[in-house]
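Peer 1: quick one: sequence plus predicted model below, questions after.
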Amino acid sequence: MATQNKSNVLKGVKITSVTNMGAGVCRAPDGRVVFVYGAVDGDMVDVKITRQKRSYFEGVIETLIEPSPYRQISDCTAFTAGCGGCMFRHISYEHELTLKREHVASAFARVGIRATPDAVKTAGEFAPRCKFTVPVMPDSTTGYYKRASKKIVPSDTCPLHGEADKLRVFATDYMGRVGGASGVHHIYVRRAGGTGEMSLALLCSTVPTWADDFARCAMEAFPSLRGVFARTVAADAAYNDASDDISDGASGNNSQSSRNKGASVKNSASVGENGSYILLKGEPYITDILLGCRFRISPASFYQVNHDGAEILYKTAAELINLRDGETLLDLYCGTGTVGISVIKASRVDAHLIGVEITPEAVADARENAKMNGVRADFICGDASEGVGNADNDNESDSGDDASANSRGNFIITVSSSDEFTHSEDETSILAHTNNTASQTVNSILLSSNSNINTSSPKTVKIRADAVIINPPRSGCGEELARKIAAAGPSRVVYISCNPNTLARDAAAFVAAGYVIKCIVPVDMFPRTGHVECIVGIHRTDS
């Protein structure tokens, strides 16, 4: 039994579990939980209490009496020095996957769903990350934030970033030669896992005078570097605003995905409005290949951070959604269209894709991606969280099962009012006009890839979808949207999430509305961090 002495040391305690933030868990003599960073379940340790809260303690290992069989020596010196990018480098990868599966099961159990997730699918612990953002000190030193702080842990290389980390080192060396960072506070690198193409952005308070020369030198040094950008953004907002990774090795912070915050790309020698990405040299996007599909990715667009993991994720999505010829797939929070396009191509069926995405630049990329891959698709620039609803409220007066069945899968989507969209002259488009009654109160437009129109007031489109894919930020789609989707009645829903807690919450809303969970499949998109992607198949009970 654990004992506590006057020096606030717990003697001889057994670590019973590990949180997703890498803290071992044990109990003090009074029953309160103690979180011990760096401990592994199975460790026998003496714990030094470092912080006391009303309901729990925090502590560190003072003596490792007996190591857990799951403990291993870290392969990264920065992790040993306190880098916050990884949580599990001191734990065997096999056990990490077990922990992540347990974390997913616990999230669903907390909302009353007793389910056994599948074994965690993974491309391996060394699958390189496709995107990272690193902080830059005024003297041009780069590294990674220490756990729970803004102090920098210097590092020559990062096991998560692979070959792309050489770009960071190059930028560090260049800034050192020219006398310092000159207003640059973060470096943002993207690498396409399927093609090797890269892009780099200098995130800065002011664009340095040497930016154009740096762009030229970098592109000469790295033939796979397709574009160099600069962007003005406040230092404290740079990470959150540039990242679609919820556990970037550059920071160790657990920020929410910012796919809805993308800035535009401008060809200009001066700083654009609203922190636009300024193309200094090269192309405005890189191209990646995913499941045989080609995708154009601009710096502001959301894109999965693990190429090999994304292929596993999207292939699993295709299996769960089980599309058929002639069906329509609604892809909410579609980003650049990668999920929906990959799913349709992997399914090898003649299906139609409708995507909803709030970022105009991502919509433009999605439209080009659909063309490149020969997928029939329409993309709507709108907020999936706020602007998607059930279009069948006007059918409530209908009676009989046939009326209910015929109305299933009908959605109404609000389109952003301030951006340019495309208008379809094809009256057979899946984006059918609203009926006469609805047209008296709302405007309906069709979106495709023929000609541009401008909207001066909010518009809506009415669509019918057989299946829905949801891929929201960490905050989830929310229970209200889940209920609206369920009310529309699509036969299948596939929900992709990087946050098991909000995923479970929203899945419970579907269950309450008459849907059943067919399976829960974790995918390790973020090896060695505390995060795990999940994909859930949800079916209407009578489908």
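Peer 2: Great, that's in hand.

Peer 1: what's the pLDDT at residue 126?
Peer 2: Residue 126 carries a pLDDT score of 86 in this model.

Peer 1: next one, pLDDT for the residue nearest to it when sequence neighbours are not counted please.
Peer 2: The shortest distance from residue 126 to any non-neighbouring residue, by CB to CB, 6 or more residues apart in numbering, is to residue 159 (7.1 Å). No exception for glycine: its C-beta is placed from N, CA and C like everyone else's. Per-residue pLDDT puts residue 159 at 87.

Peer 1: ok, residue 159 to residue 77 distance?
Peer 2: 10 Å (CB to CB, to the nearest Å).

Peer 1: these two: which is more packed in?
Peer 2: residue 159 (22 against 13; other CB atoms under 10 Å).

Peer 1: for my notes, confirm the more buried one occurs in a helix.
Peer 2: No. Under DSSP: H, G, I helix; E, B strand; the rest coil, residue 159 sits outside any helix and is assigned coil.

Peer 1: test my guess that it contacts residue 76.
Peer 2: Yes. Under the contact definition of CB atoms under 8 Å, residue 159 touches residue 76, with a separation of 5.5 Å.

Peer 1: residue boundaries of the helices in this structure?
Peer 2: Using DSSP state H, the helices assigned to the chain run over residues 77-80, 93-110, 165-177, 211-221, 235-242, 307-321, 338-347, 360-372, 384-387, 401-407, 436-439, 479-488, 500-512.

Peer 1: same for the third one, what does it pack against?
Peer 2: In this structure, helix 165-177 makes packing contacts with strand 131-135, strand 184-191, strand 198-204, helix 211-221, judged by 3 or more CB pairs under 8 Å, 6 or more residues apart in numbering; DSSP states H and E.

Peer 1: buried residues in that helix, which are they?
Peer 2: Residues 165, 167, 168, 170, 171, 172, 174, 175 are the ones in helix 165-177 that count as buried (16 or more other CB atoms under 10 Å).

Peer 1: the fifth one - nearest residue in space that isn't next to it in sequence?
Peer 2: In space, and not counting its chain neighbours, residue 171 is closest to residue 187: 5.3 Å by CB to CB, 6+ apart.

Peer 1: just residue 25 next, same as before
Peer 2: Leaving out its chain neighbours, the residue that sits closest to residue 25 by CB to CB, 6+ apart is residue 17, at 4.6 Å.

Peer 1: now for that neighbour, how many residues are close by?
Peer 2: Residue 17 has 16 neighbours, counted by other CB under 10 Å.

Peer 1: doesn't residue 24 make contact with it?
Peer 2: Yes. Counting by CB under 8 Å, residue 17 sits close enough to residue 24 to count as a contact (7.4 Å).

Peer 1: need the overlap of contacts for the two.
Peer 2: The contact sets of residue 17 and residue 24 overlap at residue 41 (CB atoms under 8 Å, 6 or more residues apart in numbering).

Peer 1: pull the helix or strand with minimum mean pLDDT from the chain.
Peer 2: Lowest on mean pLDDT, DSSP states H and E among the helices and strands of the chain sits strand 451-454, with a mean of 28.

Peer 1: show me how the protein divides into domains.
Peer 2: Domain ranges of the chain: 3-71, 85-127+306-323+470-543, 131-288, 333-342+350-465, per automatic domain parsing.

Peer 1: let me have the ones you listed in a markdown table, extended by distance to residue 299.
Peer 2: Below are the domains of the chain laid out as a markdown table (distance: least, CB to CB, whole Å):
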| stretch | distance to residue 299 |
| --- | --- |
| domain 3-71 | 29 |
| domain 85-127+306-323+470-543 | 17 |
| domain 131-288 | 5 |
| domain 333-342+350-465 | 9 |
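
Peer 1: quick one: neighbours of residue 513, just the number.
Peer 2: The number of residues packed near residue 513 is 18, by other CB under 10 Å.

Peer 1: how about residue 179?
Peer 2: 11.

Peer 1: and what of the one 10 residues further on?
Peer 2: The burial metric for residue 189, expressed as a neighbour count using other CB under 10 Å, is 23.

Peer 1: point out where the stretch 401-543 of the chain drops to low pLDDT.
Peer 2: Residue ranges of the stretch 401-543 of the chain with pLDDT under 70: 401-407, 416-458, 543.

Peer 1: much appreciated, bye for now.
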